[in-house]
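> curious how this folds, go ahead:
(chains A and B)
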Amino acid sequence: MTVDTAPMATEALDSPRSKQAMKARIARRYAAERRFRAYGVAAILFGLTFLVALFSTIMVRGYSAFLQSAFTLDVHLDPSAFGSTTPPSETDIRMADYTKLANRALFQALGVDPANKADARAASQLLSQNADVQIRKTVEADPTVIGKSVQLSLLAHGNVDTLMKGHFDRSVPENRRQLSDKQLGWLDKAAEAGLLGKHFNTGLFTYGASSKPESAGVGVALVGSLYMMAIVLLIAVPLGVAAAVYLEEFAPKNLLTDTIEVNINNLAAVPSIVFGLLGLAIFINFMGIPRSAALVGGLVLALMTLPTIIIATRAAVAAVPPSIREAALGVGASKMQSITHHVLPLAVPGILTGTIIGLAKALGETAPLLMIGMVAFVVDFPTTPLDSATALPVQIYMWATAAERGFVERTAGATLILLAFLVCMNVTAVILRRRYERRW
Amino acid sequence: MNSKFIAITAATAVGMGAFACAALARDQVKVAGSSTVLPYANIVAEQFGKAFGNLKTPIIESGGSGAGIKQFCAGVGEDKIDVANSSRKIKDTEIADCAKNGVNDIVEVKFGYDGIVFAVDAGAGEWKIEPKDLYLALAAEVPKDGALVANTAKTWKEVNPALPEWPIVAFIPGEKHGTREVFEEKILHAGAKATGADKLLLAKAEGKDDAEKKKNADKAAVKVRKDGAAVDIDGDYTETLARIESNKQGVGVFGLSFYENNKDKLKVASISGVEPSLETVASGKYPVSRPLFFYVKKAHLGVVPGLKEYVEFFTSDKVLSADGPLVEYGLVPLPDAERKEVQELVKSGKTLATAAK
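Here you go, the predicted model:
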């Protein structure tokens, strides 16, 4: 600066040379500012492009996961399939050969001769291998349907689903296709007759893990994630708020509290897998909580979220002006009353925002769950947090590695579900901040 | 207020403790291990859940053969897993590790084979390769005029005139995969032998005695070039497939079952004139395959509800036979006689230790 202005002082200010130089300098300054702003815009555009590309790929790949192909078939529940006793015993109902009943209905609808073994086998491959579970559930819900014909919507095989969604290339030579010409013929006929159609895929939300894409869903993962979030809330919020309030309001400023503060900040930056290792050592090996249990996952994620909540709460508490505390103390409130009646209520929006952002981070976490056995194939729904469960991001990860084509769209579909949750949480955080935050 | 808070904390702690105790009586089989075995185990678990309505469906964890066996060997007890899936045989060091933790009786169950195939984009022409070609294309050092030189081959055509003029780019399994070991043993070792590189490596190898020299030569034989021609894939086959879809002139290594499920996008290469298929792998004609195992903790048999049933169900004809669900997915089945043997072994509960005696 001084170098720039030094020659100016020696020259007359209104000399034409000096005016010209000044104009040039001003022009340069404006140009620099325009460039500076352009860099910022470019950075935002760059980020947005990636975001749009990412979202659109996931959307394009994933939207079809919310539809599922199914056959609408009249299934005759032949009483002879349910043993000899009437009414059939519970075991008979459970062990009945529902696959046979499903196939029989399918053969009839497609006009396949069951005596022709090759045809029968090819036709039976069009139904999901888990279609039998659907019929069993119907019968278990109401055993009186035995002996009658019921119209059921039975899941089609994953390959049929791929075909119905247009991800299937018919021009590939027959021996390299998943469906033969004959099977395609049946399917086209069935689709024309309205026997085969696409419906909203409720199974995606209600089924547990499955080796077949058509009967795989995020149900168990949703319940697992829900349990874990509840545990994180129950543990991390009280602990985090208590720690933050103590540190901010009561703790003396000395070397010890400084160390604690630095360490909390460090803890927030520790790679999440470290928390998984810690969970494995303490909760599973030492405390003996079963592997893969949502409780362990919740505890690990709670530890991981704790620093985030402490930092957010401290910031929120520190933002409450000292005049509020002094006024409370001035009218005779105790220190605790001034905190619980005045400081905390005013800090709540900030605390909530921090909590929600911490929760959202925990919801998307996979790495720590790997160590504690939650990256697993779990079919049965967990009834308590101690039962085995998985989590949403884990389910996405496991589907991403599966070989069947049907899992590609499900991976993207589950990602959309997870994104929807995250967006909801983040929007809630923004709304809370906008509505309740007080500026001083 | 203070005493109330302490009371609540204490109650929560007690409640959680009681919770944990209640959980100790496990009623569910727990399995961990190989990601190659995982899809098969998933199918079995699912079918098991359907067939045995009174038993819970087993929990199958992924994470790799080594990690699974490590967990398996952590000890006996209800908080330890019952079965380890593995895409390779358990190592002696692992058995020793097991014994140290009190896991003495291990039942080894071989349930099938996995073929490892080389595949290119579906639009490509015929691919016929031999271990020799792969060695010359991918090894770090190749023999030339009786001496070892750094590998500079640029195209497949340079390696074997019958191959197309594609730049050499091969997506091979990363070091952490069990598949890598099979690739090294069945392709690179075989290739080194076929090209005569093994002798040159042995002559060059350093070591105190012949055994150590041989070991070092073997190690040198599986070194792949680091100039971008051989790309390690640490992810799964889906990643390899994505790489081939974006680089139509790439060659990838897949499991046979993965290829079977993605036949419309991939074309398989024959090795030494043999096309990989369930038949050629089962008969041993196709050279690149490996057995698949699961290991059962004998101390848990009869203690953990459903474990005995799970093991018997896994090895039953219904599951393992040639028209069973595993073969449909792409498992290379055991020959009938071998399957009978495995079923006998499961019934008798013969452990590794007694088998060795």
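> residue contacts, B:A220?
Residues in contact with B:A220 (Cβ atoms under 8 Å, 6 or more residues apart in numbering or on different chains) are B:141, B:201, B:204-205. No exception for glycine: its C-beta is placed from N, CA and C like everyone else's.
> now it: how far from B:G102?
Applying Cβ to Cβ, to the nearest Å, the value for B:A220 to B:G102 is 40 Å.
> which residues of the stretch 201-350 of chain B lie near chain A?
B:235-238, B:255, B:257-258, B:261-264, B:267, B:325, B:329-330 (Cβ under 8 Å from any Cβ of the partner chain).
> and those residues, which of them are in helices?
B:237-238, B:257-258, B:261, B:325, B:329 (DSSP state H).
> tell me the residues of the stretch 301-440 of chain A that contact chain B?
So far as Cβ under 8 Å from any Cβ goes, the stretch 301-440 of chain A lies against chain B at A:370, A:373, A:375-380, A:384-386, A:388, A:398, A:400-405.
> make it 6 Å
Residues of the stretch 301-440 of chain A found near chain B (Cβ under 6 Å from any Cβ of the partner chain) are A:373, A:375-380, A:386, A:388, A:401, A:403-404.
> between all of the ones in helices among the residues of the stretch 201-350 of chain B next to chain A, which two are at the greatest distance?
Using Cβ to Cβ, the pair of these lying farthest apart is B:T238 and B:P325, separated by 21.5 Å.
> now do the same contact list for the residue nearest to the spatial centre of chain B.
Centroid check for chain B by Cα atoms, centre = their mean gives B:S87 as the closest residue, at 3.0 Å. B:S87 makes contact with B:34, B:36-37, B:65, B:178, B:292, according to Cβ atoms under 6 Å, 6 or more residues apart in numbering or on different chains.
> confidence score at the residue in the stretch 201-350 of chain A positioned nearest to chain B?
Closest to chain B within the stretch 201-350 of chain A is A:S211: 4.2 Å, counting by Cβ to the nearest Cβ. pLDDT for A:S211: 89.
> now swap in A:W440 and tell me
pLDDT, A:W440: 68.
> do B:P161 as well
With respect to pLDDT, B:P161 scores 89.
> identify the farthest-apart pair in the contacts of B:A220.
The largest separation in the contacts of B:A220, counting by Cβ to Cβ, is between B:E141 and B:A205 at 12.1 Å.
> list the helices and strands the helix or strand hosting A:R35 packs on?
Per DSSP states H and E: A:R35 is located in helix A:16-62. Applying 3 or more Cβ pairs under 6 Å, 6 or more residues apart in numbering or on different chains; DSSP states H and E, one finds that helix A:16-62 makes contact with helix A:406-436.
> okay, angle between the helix it packs on and helix A:16-62 too, please.
Put simply, helix A:406-436 runs at 130 degrees to helix A:16-62, going by axes from the mean of the first three to the mean of the last three Cα atoms, to 10 degrees.
> quick check on B:P173: phi, psi?
phi -60, psi 140 (degrees, to the nearest 10).
> not counting its neighbours along the chain, what's nearest it?
Closest residue to B:P173 apart from its sequence neighbours, by Cβ to Cβ, 6 or more residues apart in numbering or on different chains: B:T179 at 4.1 Å.
> does the one you found lie in a helix or a strand, and which?
Short version, using DSSP H and E: B:T179 is in helix B:178-183.
> in the stretch 51-200 of chain A, which spans are helices?
Along the stretch 51-200 of chain A, the segments classed as helices by DSSP state H, counting those that start in this stretch run A:90-95, A:98-110, A:117-124, A:131-141, A:158-164, A:181-192.
> pull the distance from the shortest one to the chain's centre.
Using Cα atoms, centre = their mean, to the nearest Å, the distance from the centre of helix A:90-95 to the centre of the chain it belongs to is 37 Å.
> name the helices or strands packed onto it?
Helix A:90-95 packs on no helix or strand, going by 3+ Cβ pairs under 6 Å, 6+ apart.
> show residues contacting that helix.
A:82-83, A:139, B:53.
> do the last one as well
For helix A:181-192, contacts defined as Cβ under 6 Å, 6+ apart pick out A:110, A:122, A:174, A:196.
> contact partners for the third one?
Read it as A:E174. A:180-181.
> what about it, distance to chain B?
11 Å (Cβ to the nearest Cβ, to the nearest Å).
> kindly report the same for the second one.
When Cβ to the nearest Cβ is the yardstick, A:A122 and chain B sit 13 Å from each other.
> that residue: neighbour count?
Residues near A:A122, counting by other Cβ atoms under 10 Å in any protein chain shown, number 16.
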